[in-house]
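Trainee: structure for the following, please:
(chains A and B)
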Number of protein chains: 2
Amino acid sequence: MAFGPQMNGNGNAHPIAPLDASRLKIQLAKTLKPIPAPGTYQFGDIHTDHMLIMAYHPLSGWSAPEIKPYGPIPIDPASNCLQYASNVFEGMKAILDPQGKPRLFRPKDNMERLRQSAARMALPTFDPDALLTCISKLVAIESRLYIRPTMMGTKPSIKVGASDHAILYTIVTPVGPYFTPTSASASAPPTTGGAVSLLAVSDHVRSWPGGTGGFKLGLNYSPGFVPQKAAAALGYDQVLWLLNTGDGRKLITEAGAMNFFAVVKRGDGGMTIVTPPLDGTILPGITRDSTLQLLRAYAQGSLALPPLPSPPPAPVVIEERELALGELTEHAAAGTLLECFGTGTAVLVVGIERIGEVVVDAKLSTEAEDVAAVAESKENAANGGKTKGNGTFDITMTSGRGLGPMGRALWDKLLAIKEGREDFAGWAVLCE
Amino acid sequence: MAFGPQMNGNGNAHPIAPLDASRLKIQLAKTLKPIPAPGTYQFGDIHTDHMLIMAYHPLSGWSAPEIKPYGPIPIDPASNCLQYASNVFEGMKAILDPQGKPRLFRPKDNMERLRQSAARMALPTFDPDALLTCISKLVAIESRLYIRPTMMGTKPSIKVGASDHAILYTIVTPVGPYFTPTSASASAPPTTGGAVSLLAVSDHVRSWPGGTGGFKLGLNYSPGFVPQKAAAALGYDQVLWLLNTGDGRKLITEAGAMNFFAVVKRGDGGMTIVTPPLDGTILPGITRDSTLQLLRAYAQGSLALPPLPSPPPAPVVIEERELALGELTEHAAAGTLLECFGTGTAVLVVGIERIGEVVVDAKLSTEAEDVAAVAESKENAANGGKTKGNGTFDITMTSGRGLGPMGRALWDKLLAIKEGREDFAGWAVLCE
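Mentor: Model (predicted):
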């Protein structure tokens, strides 16, 4: 892969400018927005004073990157991104370390995933290291933030096909609470990852074999808005996405926008931690991968996860494999479902304190306005309890409400690493 | 469903303005773009002088619709549409009738489908009749055009969830040739629907039960760009999208962005016309539905489809049912695959003169730059011939190259109806 002179879309040799961090231009905002008090805003609703932006043209390549005041982007109404959703993004966090310097967590992994997402959308390519250099400059101006690199095709044509024009920009937002407290326990103090309830949904399918669920594309998210509204109307915080197999099983893929982990008790007194495999239907989460690496180190006795006993007194087995909802139901009934948790950059680790399943009418998919009515009619069926008749049941964890012991130990460890208080594999990278 | 005062997103009663065509404001462009000569542009690449635009805010509802000069739209970089692809659209054509008046084809169906698409994306709703009134005004200013209503969520928040802000706009483009002549025959004269070759693809899956393929969403299209590039590199015009079943069959869903029809010879001398059913994995095409209605009328003897004999001398059977690729292969081998064609608003009816299948590397999905290399290495295998070893085969039609007799008769009839030269069920609606 070359980032120097490339062939343009017409097959003619042109000098195509690479994404070049040394050309970065910085124009600071003349007035800064007031800093809102913690607790007065939700995740993602407000944005800070600057953004990083650059554009790709098929004949000239990448424009000089610019950091400039946050503001609207003029977009041609025929743009590929508005017509055919050729949008990709990343989520990263900058956290101040004990010395007050901002650190990014495994940022090269985010850059590489963004490059792969762009390739999946047939968008122009870029040098991930050069983009990271530019983002680090933005973070140095706006520290302790959630960072959202975004790229989209801007070819001004409604012909269905790849875009050879693109815009790549990065915006930042303060890290407010991610989950709105729909259920009582979601209002857990922000010093822990909290816990959520999940509505298991199988009539709407988030991703499938041969689909795009393994990439971080904008289009993987909006189809979930209607099911998410239905879940909220039924009193659940998020959706647990299932994939129907031919043999009647319902495989767990993702929880809301998080990867999913279940911890079950073993006959030998140990525990097995199961997460679905990277088969193309789930996002290859960087927090997921980090969690697996920490768990494997703990299982081998090379890493402590206080306050869990170290080394573990009984076997800890890590499995990336298909996980059906029925397996969770069986473990819950047997009292061996210790805990479940979700992982993601925005939330780190979040406990899953309850999973419910209700058959949601297919009608919801076309008539969003009926969500509340359907929800109301099914409300009683969905509340509380263990397995019930009528296709409705709730799975509860032996760890009870809130984040379970394994989830909490992982949350503590990941936060310590992200904040630079502990090191693991050089994951927390200084922005310099 | 009420379009008057509604509840806003916070559950408080506010007067929410409906989409109101009587508030339409028209600001004509001061200078008009030159009209390009036919043959100098491709479908969708150029756009005309005006656009129709309106915006929805959760507290105030729909703004007054405006027809104004075509130009870029300022969009907040955190907008839901850029982050999570909450984009929906429609495709319509305005055609001048013999009296020189523009007519739209079944426009209420497009408006209703747009409303359903918006609901599927949890976007604000609108009065389809009011929107059609506004679009008719735009068409009266810019006649004989392809019309692209587009709607998207513009809530300025990167929190994953439904957008209660929206922009709804309509742009228009001259109707140039839709398909770039990749294969020789695609350069058929524009007075017929022409014909295309299709690469059957099953390792990338366009849609899935429980997915969104049954709605006209922007996000259904961009995942096809990489497979489309692979098809073009192998010498095929478009992709034939397959869905793997649990039992080893590969079901035909869509052809490129068209609905698919196959015509097979029956033992009694008649013909069976098969198209996949509206099971949620394919677009409910308005041209598809029109084609089925015309075919049923022809089969019953109540409609002539010249130059085909009327009434049909032997049974004509119309079937909406699952259609596996293997069934086509068998009919082709037996010499009973008379013809295949695709339908869509942009193309009307297009012949399918060849279907090839090549196993495309899964690697293509992440490394778009390798498409050409893989294509080259497989080029020989993909060229010409009938069933071959190595998992590669071509299906050819007994109708040979170009649009087959049934496809051509349908093309003639649909065009006559669209142009107002013939009437069928009042489909071609005058823009007044």
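Trainee: tell me if I'm right that A:Gly342 and A:Asn259 touch.
Mentor: Yes - under the criterion of CB atoms under 8 Å, A:Gly342 makes contact with A:Asn259 at 6.5 Å. The way it works is simple: take the backbone N, C-alpha and C, and place the C-beta from them, glycine included.
Trainee: can you pull out the strands in the stretch 1-150 of chain A?
Mentor: A:6-7, A:13-14, A:25-26, A:50-57, A:61-62, A:66-69, A:73-75, A:87-89, A:92-96, A:102-105, A:146-153 (DSSP state E, counting those that start in this stretch).
Trainee: in chain A, where is pLDDT below threshold?
Mentor: Applying pLDDT under 70 to chain A flags the ranges A:1-14, A:38-39, A:41, A:176-193, A:359-393.
Trainee: which one of the strands of the stretch 1-150 of chain A lies nearest to chain B?
Mentor: Judged by CB to the nearest CB, the one of the strands of the stretch 1-150 of chain A that comes nearest to chain B is strand A:73-75, at 3.7 Å.
Trainee: for the closest one, give me every contacting residue.
Mentor: Residues from elsewhere that reach strand A:73-75, judged by CB atoms under 8 Å, 6 or more residues apart in numbering or on different chains: A:53, A:81-82, A:154, A:167, A:169, B:72-77.
Trainee: where do the helices sit along chain A?
Mentor: Assigned by DSSP state H, chain A shows helices spanning A:80-84, A:107-120, A:128-141, A:225-233, A:286-299, A:325-334, A:371-382, A:405-418.
Trainee: hmm, the third one touching chain B?
Mentor: Pointing back at helix A:128-141 there. No - if you take CB under 8 Å from any CB of the partner chain as the test, helix A:128-141 misses chain B, and the best it gets is 12.9 Å.
Trainee: correct me, but A:His165 touches A:Gly61?
Mentor: No - using CB under 8 Å, A:His165 is not in contact with A:Gly61; the gap is 11.1 Å.
Trainee: what's A:Ala324 in contact with, if anything?
Mentor: A:245, A:249-252.
Trainee: listing partners with orientation, what would you give for the longest strand anywhere in chain A?
Mentor: Longest strand in chain A, counting residues (DSSP state E): strand A:348-357. Strand A:348-357 sits in its sheet next to strand A:195-201 (parallel), strand A:337-344 (antiparallel), strand A:393-396 (antiparallel), going by DSSP bridges.
Trainee: among the ones you listed, which comes closest to A:Tyr221?
Mentor: strand A:337-344 (12.5 Å; CB to CB).
Trainee: next one: that closest one to chain centre, how far?
Mentor: Its chain's C-alpha centre and that of strand A:337-344 lie 15 Å apart, by CA atoms, centre = their mean, to the nearest Å.
Trainee: and the angle from it to helix A:286-299?
Mentor: Inter-element angle recorded for strand A:337-344 and helix A:286-299: 140 degrees (by axes from the mean of the first three to the mean of the last three CA atoms, to 10 degrees).
Trainee: quick one: contacts of strand A:337-344?
Mentor: A:91, A:193, A:196, A:238, A:255-265, A:271, A:285, A:287-288, A:291, A:328, A:331, A:349-352, A:355, A:395, A:397-399, A:403-407, A:410.
Trainee: now with 7 Å?
Mentor: Applying CB atoms under 7 Å, 6 or more residues apart in numbering or on different chains, the external contacts of strand A:337-344 come out as A:255-265, A:271, A:285, A:287-288, A:291, A:328, A:331, A:349-352, A:395, A:397-399, A:403-404, A:406-407.
Trainee: dump the C-alpha coordinates for it into PDB.
Mentor: Provided in PDB are the C-alpha atoms of strand A:337-344 (Å, rounded to 0.1, in the frame of the first residue of the first chain):
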ATOM      1  CA  LEU A 337     -25.100 -17.400  35.700                       C
ATOM      2  CA  LEU A 338     -22.700 -15.400  37.900                       C
ATOM      3  CA  GLU A 339     -22.800 -12.100  35.900                       C
ATOM      4  CA  CYS A 340     -23.000 -10.500  32.500                       C
ATOM      5  CA  PHE A 341     -21.400  -7.300  31.300                       C
ATOM      6  CA  GLY A 342     -20.900  -5.200  28.200                       C
ATOM      7  CA  THR A 343     -17.800  -3.400  27.100                       C
ATOM      8  CA  GLY A 344     -17.200  -0.400  24.900                       C
END
